[in-house]
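1. Just need the structure, nothing else, for what follows:
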Amino acid sequence: MWPKRLAAGSVRCADVLASRRTASRCSVVHRGRQVSPNPLGGKGMRIALFSDIHGNRFALEAVLEDARSLGADAYWALGDLAAIGPEPVAVLERLAGLENATVIRGNTDRYIVTGEGPPPSLEDAHANPDLIGLFARVAASFAWTRGYVTAAGWFDWLESLPLEARVTLPDGSRLLAVHASPGSDDGEGIHPGRSPSELAPLIAGCGADIVCVGHTHEPLLCRVGDVCVVNLGSVSNPTAPDLRASYVMVEALASGTTVEHRRVAYDHAAFIEAVRSSRHPEAEFILNFQRGEKVGRSPHAAPSLVGATR
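-> Reported below is the predicted structural model:
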């Protein structure tokens, strides 16, 4: 059984951001930079942020139910919504129907729209025939999802998704949400195996005090300079050992902002059956995640404040 709460499940951003013990809330000194007006009207708000749903409606529903039980006022989905999963359209329909929802794209959403894909490229396969099989498998996977989404009329909606979303919270902190890293939906991304010095160039000049990402499927909460960096983990296709859905609840008050990683159980057996009945060409690849065969990277020696609850 998973522990109900790890020690650092809920962390005030002030504790992460502060380079001095005198800090008392999430916001940092803006050093004369202009801060955009707070669209939340100065009141408190709870924002559920989640990423990497990968066509798993069972995990998505579990996350949404948990967020509702905590009084979520808004929902932010940070990309990788449809591909590498059995029910891409069900997920897109659910997200589009959510009230107070903000949705941005991930790299796999872009691949569906543009025809691009992860490595290996066609050129790589030409240069190294040993990669032809892998190239064909990846191409088949995205072609399946592209056809599914297009036939159901969701291609244009997916194409319209922006790269990032921003908001100024009631305490003045500026939150940036993006799939992989500021300015990018792809690449190595932000994960526990990278040191603060490796993360610093990715965060530099981001114009935010809190940066929320997904992409790597590995939860993280740490400080990089003056910025609170949060990886939400993933709703689906998890890294072992914890196979539950992962997301983050941000409680934003005028007095400060709290970030909480949450873990939510869902019906893995029903999802596995959906994968097997979907005729997805890469069903076994998807099921590898459900069997715990995808292991996260070892954390860097620098301290992390990541935690999980439930």
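2. Quickly find the element holding the residue nearest to Asn107 when sequence neighbours are not counted.
-> The shortest distance from Asn107 to any non-neighbouring residue, by Cβ to Cβ, 6 or more residues apart in numbering, is to Asp186 (4.0 Å). All C-beta spots, glycine's among them, are computed from the backbone N, C-alpha and C. Counting by DSSP states H and E, there is no helix or strand that carries Asp186.
3. Next, the contact list for Asp186, please.
-> 107, 110, 179-180, 215 (Cβ atoms under 8 Å, 6 or more residues apart in numbering).
4. With Asp73 instead?
-> Applying Cβ under 8 Å, 6+ apart, the residues near Asp73 are 45-47, 100.
5. Distance check, it against Cys228.
-> 20 Å (Cβ to Cβ, to the nearest Å).
6. which of the residues in the strand or helix carrying Val89 are buried?
-> Element membership of Val89, judged by DSSP H and E, is helix 88-96. Residues 88-92, 94-95 are the ones in helix 88-96 that count as buried (16 or more other Cβ atoms under 10 Å).
7. picking up where we left off before, mind checking which of the contacts of Asp73 are buried?
-> 45-47.
8. nearest to Val211, of the residues you listed?
-> Ile47 (14.1 Å; Cβ to Cβ).
9. would that closest one count as being in a helix?
-> No. Ile47 is assigned strand when assessed by DSSP: H, G, I helix; E, B strand; the rest coil, not a helix.
10. Hmm, Gly71 and it touching each other?
-> No. Assessed by Cβ atoms under 8 Å, Ile47 is found out of contact with Gly71, at 11.0 Å.
11. any chance you could map the helices in the stretch 151-300 of the chain?
-> With helices called from DSSP state H, counting those that start in this stretch, the stretch 151-300 of the chain shows them at 155-159, 196-203, 268-277, 283-290.
12. just to revisit the earlier point, mind putting the buried ones among the contacts of Asp73 into a markdown table with pLDDT and distance to Cys206?
-> Formatted as a markdown table, those follow (pLDDT from 0 to 100; distance: Cβ to Cβ, whole Å):
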| residue | pLDDT | distance to Cys206 |
| --- | --- | --- |
| Met45 | 93 | 22 |
| Arg46 | 97 | 23 |
| Ile47 | 98 | 18 |
